[in-house]
Structure formats: C-alpha cells, structure tokens
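> model this:
(2 chains)
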Number of protein chains: 2
Amino acid sequence: MKVGIVGLGLIGGSLGLDLLASESNDHYVWGISRSPETCKQAIAIASVNIASPSIDDIPAQVLEQTDIVIICTPIAAILPTIAALVPKLPAQIIITDVGSVKGLIVEPALEICQKYHQRFVGSHPMAGTAFQGIAAAELNLFRDRPCVITSSDDIEAVAKVRSLWESVGMRIYECCPEEHDRAVAMISHAPVMISASLIAACQKQEDQKILQIAQNLASSGFRDTSRVGGGNPELGRLMAEYNREAVLRSLQEYQLSLQVIIDLIENKQWQELELFLADTQRDRQFYVQ
Amino acid sequence: MKVGIVGLGLIGGSLGLDLLASESNDHYVWGISRSPETCKQAIAIASVNIASPSIDDIPAQVLEQTDIVIICTPIAAILPTIAALVPKLPAQIIITDVGSVKGLIVEPALEICQKYHQRFVGSHPMAGTAFQGIAAAELNLFRDRPCVITSSDDIEAVAKVRSLWESVGMRIYECCPEEHDRAVAMISHAPVMISASLIAACQKQEDQKILQIAQNLASSGFRDTSRVGGGNPELGRLMAEYNREAVLRSLQEYQLSLQVIIDLIENKQWQELELFLADTQRDRQFYVQ
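Numbers count the residues shown, from 1 in each chain, chains lettered A, B, ... in the order given. Coordinates of the predicted model:
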C-alpha cells in the first residue's frame, strides 16, 4: 500500500514504523508535519520514506498512487487539515482520521471530502502511551488494541481502512459515530471526570492533619482510581468539549448509580450493598479481560 | 521480642514470616488460628514457632514473656477475639490490632483491655495483596508501606507497637482514631464506592450495541478506574459498615466536586475545565509518589 500520514506524532509516527517494518515490505509511506525537524526525525527512524511540511513537496506520482491518507493530527486540527489537503489530492483517495470522537468529525469530514470527490471513513485506533511526539513513536503500539471504524455505504473504503488497521494488529469494531461516542464517553471520557473529582474532593479537606495523613496513606487503590484524573488537562478538556453531550449523559447516569450506593450506606442496607458490589465485581470482567 | 499473632491469614502469616526471618533472629512467635490445618501450615512455612486453635495450648511460660499480641482477624472478629483472649493473658501485655478502621475498635478495645489490666494501642498496617489466607503469606509484605498507630497516653505501649511495625519495614504515622478513619475514608473506602458506581453506571446502558462496543473498547483507563470497585464485595461492605460516617462524608464531598465538573461541561466553560484538570494533575502528586 502507498500511505500518507499527516501529523507525525505518537500515533502517526508509530503507524509509519509498523507499516515500514512489516514483513511483506510492500508499503510506501509519505508524511506531512508542520515541523521540518519532525519530518527529519520521522525519516531517520524509518517511520516514513519521505516527509515534508508541505504536500506540494510530495511528488505527484507518489500522490497519484496513494491508497489511503490518515489524518493523525490533534482533534481540533482534523477538519481544517482535511479542508486544506483534499483540494491537492488526486480524486478518489480514501481518507481516514484517528480522532477520539467521531460525531463532530465524520459528518463534516465526509462533506468536505465529497465536495472534492474524495472518500472518507472515520477511525479511532485506541492506542497510546503517556508520551507525545515523534520521539515517543514505537513499534507494535497498535498490536491487539481495539480500533473503531465508522460505518459507511462506501464498502470498498471501509474494507481498505479496516485492512490498514488490521495490518498493524488491531481488533476492528464497526459502528456509527453516535454509538462510538456514547461508548467511549462511558468507558474513557467520563472516567476522567470521575477520577479527577476524587482528587479534587480529597484536596478540599480543610483539616491539615487529616489531609497530610491521607496523602501519606494513599496507596495502590487511590493511585489507580485517580490515575486518569491526573492526566493531561488539555486532553481531558478536549474529550468533554468534543463529546459533550455523551459525556454529560454518562456523568448523569453515573450520578444516579453513586446515589444508589450512598442511599444503601445511609440506610445501613449492608446486605444490599454487598450484593451491589458483588454485581460490580462480576460485571467488571466484561470490560477487563 | 516474644510475639503472639491471633489470626494466621495474609497479614498475620506475613508478619510472622518477617519476624522469624529477621537478621537479629531474636524473635519468638506463637500463633492462634481457628483452623488446625492453618496452624500446621503456619508452622511449616516458619511463620510461627508454635500455633494452636486454643490459647490454652500455649505454654504459660511463653505467655508470661510475651511482649505484644497482634489481633490479625477480620474486622468483625477483632473485639470478640480480644474479649475472649484478655482474661487468659498475663497482665500488662500490650495488645494491638490490624483493623482498617479505628473509631469503632480502639475505644471499646481499650475498655475491655483495661478491665483485665491489659494495654491497647490500635494499628493499621496498610499492606495486602489480592489474596487471602496463610497460603498467600509472603516475606516483605510490609516493607516501605505506611502504618497508622493510634495515639495513646501509654507512651511505652506506643513505642513498642511502633518498633514492631518498624522492624518489618513500615513507615509509621500516629494520629487519633477519627483522623485515621476520615483519612482512609477519603483515599481508600470512598474510592471503592466511586469506582463501583462507574461499573454499575456502564452496565445500565440499555442499548446492547453500545454496551457491547463499550466493553470491547474499555482499556487501561477503565481498568484502573474500575479496579477497586471490582474488588471483594464483603471487604467493600465492611469498609462502609465500620466506617459509615466518614465514608458518607467523603462521598458527599465527592458529589460536590463531581457537580462542579458537570456544571463546567454543561456551561461549556472549557478554559475553567482545563484549569480544574490542571489542578488535579498537580495535586495527585501529593498522594502518589
């Protein structure tokens, strides 16, 4: 496959590494990054064959033969990047993205692409590390991780995007943008807010001795429950901003569940509390293999 | 030191292992467990020198020289065990426990002990694994872990209990039972309820396709945030039951913090949300070294 990767950070850079390291050895990858330095690094680590800050530098012959272009920019840049890019691409190229929300991306992206006779299918490869940038790119980042592809009537485009992510080892799930956004709100975006609220509540403790002891005693339980709430604030904000409706809906569902547990404790319904916790113990297994 | 351990499970068994393996090699440990089989196992793995289901089988001469007795039973059994034991111990023995709440334990335990001229200081060694029983006992379980000792006028008893836990490598913090209970409610007990509510809220999803996708996409963020909510239901119930007031207080504080974050999202105050998350990112470091 001939592949274009626009945005050479952790995700784009790692994707290129896997493609060029593949045993079949029949991939060609061109890359775009705003930073000339990043382009150089991407070439140096064999994440791309060629790279440039401008699509004008990618040979027309290479563009002609390109099968897929993957937009790997931060979420706010996805639509502007597509809009800037598509007029310069030969028609009928398949474009996909890697954004962690799909509702606000897929529909407008499709409109832009169709205007220029390009094709679009949304992707969300769920892989990452705590690090960013081309320097953090690593082989096998995607292996055995889930990837959502948004449903489309363009069966051929879906098949091509699917085979791209399968080729780097991902498990593929297909659904519509709204289903995706509600699912990730539940298991990824709302947990960030739930976890951050725990840290904020602890810090509100006014008794300094208790606060000090709490900080000293906090162990693996607190570490795990608070982890995603202590993550990158910009990412957390973007999740809420781009997936606002589904995140709010999940948090409201969450408030109801929390109130059930509080009522059980308030009313000393210990047997019922134990049953509630036995259910969550059992049900967690459906999410965590 | 001559030490008695009552309850030879993970905590009691591991404590004995460390004491008998210590380089100074000057400890003698006797043990009590309801189960004769557990007594045999404890002796076999060198967690105790002698053990029996009944204190009547421990030689009077050994009891005479005992410095500390540590009650390592489940929390509900601590007070009944102390009540049954103290009349059979020589006077002035120092007794401590390992219960994860202190308010409901320390005051009544002290009363029982004083009646029989024994001395009591509460402990909460914060160590454990996912496993239970003498078969799960391991060396160095307590190393570098925090241990709370409840304040007391009996300076000598406090010093002795402190030196016991220090000898197995623990960091000691001293405070009153209420301070302990409020601190652990915040960082240990409330997180169980917060985490369990997340699992429960996800499972309430009625759209089966979304539920299925959520379960397939759940990754490390969900795994960590839901971990303690998927733990032993009986332990979770006991935390709430024995530390009810402080747990409710923490959960109510938590509800307020959560509502702040929901309001920010509801009102699209993205800058403020990012600041909130920047604070929790910074503050988490005070709990997680």
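> which helix of chain A spans the most residues?
Of all the segments of type helix in chain A, defined by DSSP state H, the longest one is helix A:244-266.
> Packing partners of it?
Under the contact criterion of 3 or more C-beta pairs under 8 Å, 6 or more residues apart in numbering or on different chains; DSSP states H and E, helix A:244-266 touches helix A:177-184, helix A:190-203, helix A:270-284, helix B:190-203, helix B:244-266. From N, CA and C alone the C-beta is placed, and that goes for glycine too.
> Now do that helix against helix A:177-184, angle only.
Taking axes from the mean of the first three to the mean of the last three C-alpha atoms, to 10 degrees, one finds that helix A:244-266 is oriented at 30 degrees with respect to helix A:177-184.
> buried set for helix A:244-266?
Of the residues in helix A:244-266, A:244, A:246-251, A:253-255, A:257-258, A:260-262, A:264-265 count as buried by neighbour count, 16 or more other C-beta atoms under 10 Å in any protein chain shown.
> Make TSV from the helices and strands packed on helix A:244-266 and add distance to A:Ile45 and mean pLDDT to it.
What follows is these, written out as TSV (distance: least, C-beta to C-beta, whole Å; pLDDT from 0 to 100):
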stretch	distance to A:Ile45	mean pLDDT
helix A:177-184	30	97
helix A:190-203	31	98
helix A:270-284	38	98
helix B:190-203	38	98
helix B:244-266	39	98
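> near chain B, which residues of the stretch 51-200 of chain A show up?
With C-beta under 8 Å from any C-beta of the partner chain as the criterion, the stretch 51-200 of chain A comes near chain B at residues A:126, A:145-146, A:148, A:171, A:173, A:175, A:179-180, A:182-184, A:186-188, A:190-200.
> which residues does the residue nearest to the spatial centre of chain A contact?
Central residue of chain A (C-alpha atoms, centre = their mean): A:Ser100, 3.7 Å from the mean position. Neighbour list for A:Ser100: A:75, A:124, A:184, A:188, A:238-239, A:242-243 [criterion: C-beta atoms under 8 Å, 6 or more residues apart in numbering or on different chains].
> repeat that for 7 Å
Shown in contact with A:Ser100 (C-beta atoms under 7 Å, 6 or more residues apart in numbering or on different chains): A:75, A:124, A:184, A:239.
> And the contacts of the longest helix of chain A?
Counting by C-beta under 7 Å, 6+ apart, the neighbours of helix A:244-266 from elsewhere in the structure are A:181-182, A:185-186, A:189-190, A:193-194, A:239-240, A:272-273, A:276, B:193, B:196-198, B:200-201, B:204, B:240, B:244, B:247-248, B:251, B:255, B:258, B:262, B:265-266.
> quick one, strands of the stretch 1-150 of chain A?
A:2-6, A:28-32, A:50-52, A:68-71, A:94-97, A:119-120, A:123-125, A:146-150 (DSSP state E, counting those that start in this stretch).
> would you list the ones you listed in TSV and tack on mean neighbour count?
Listed next are these as TSV, based on neighbours: other C-beta atoms under 10 Å in any protein chain shown:
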stretch	mean neighbour count
strand A:2-6	23
strand A:28-32	24
strand A:50-52	18
strand A:68-71	25
strand A:94-97	26
strand A:119-120	24
strand A:123-125	25
strand A:146-150	24
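> so can I have a markdown table of those showing distance to B:Leu139?
Supplementary listing: the strands of the stretch 1-150 of chain A in a markdown table, determined by distance: least, C-beta to C-beta, whole Å:
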| stretch | distance to B:Leu139 |
| --- | --- |
| strand A:2-6 | 50 |
| strand A:28-32 | 51 |
| strand A:50-52 | 54 |
| strand A:68-71 | 51 |
| strand A:94-97 | 52 |
| strand A:119-120 | 59 |
| strand A:123-125 | 43 |
| strand A:146-150 | 39 |
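> Out of those, which gets nearest to B:Pro36?
strand A:146-150 (50.5 Å; C-beta to C-beta).
> following the closest one, which helix or strand shows up next?
Downstream of strand A:146-150, the first helix or strand assigned by DSSP states H and E is helix A:155-167.
> so where's the stretch 51-200 of chain A uncertain?
Applying pLDDT under 70 to the stretch 51-200 of chain A flags no residue at all.
> Residue of the stretch 1-150 of chain A closest to chain B, please.
When distances are taken as C-beta to the nearest C-beta, the stretch 1-150 of chain A approaches chain B most closely through A:Pro146, which lies 5.1 Å from it.
> any idea how far chain B is from A:Asp153?
Spatial separation of A:Asp153 from chain B under the definition C-beta to the nearest C-beta, to the nearest Å is 19 Å.
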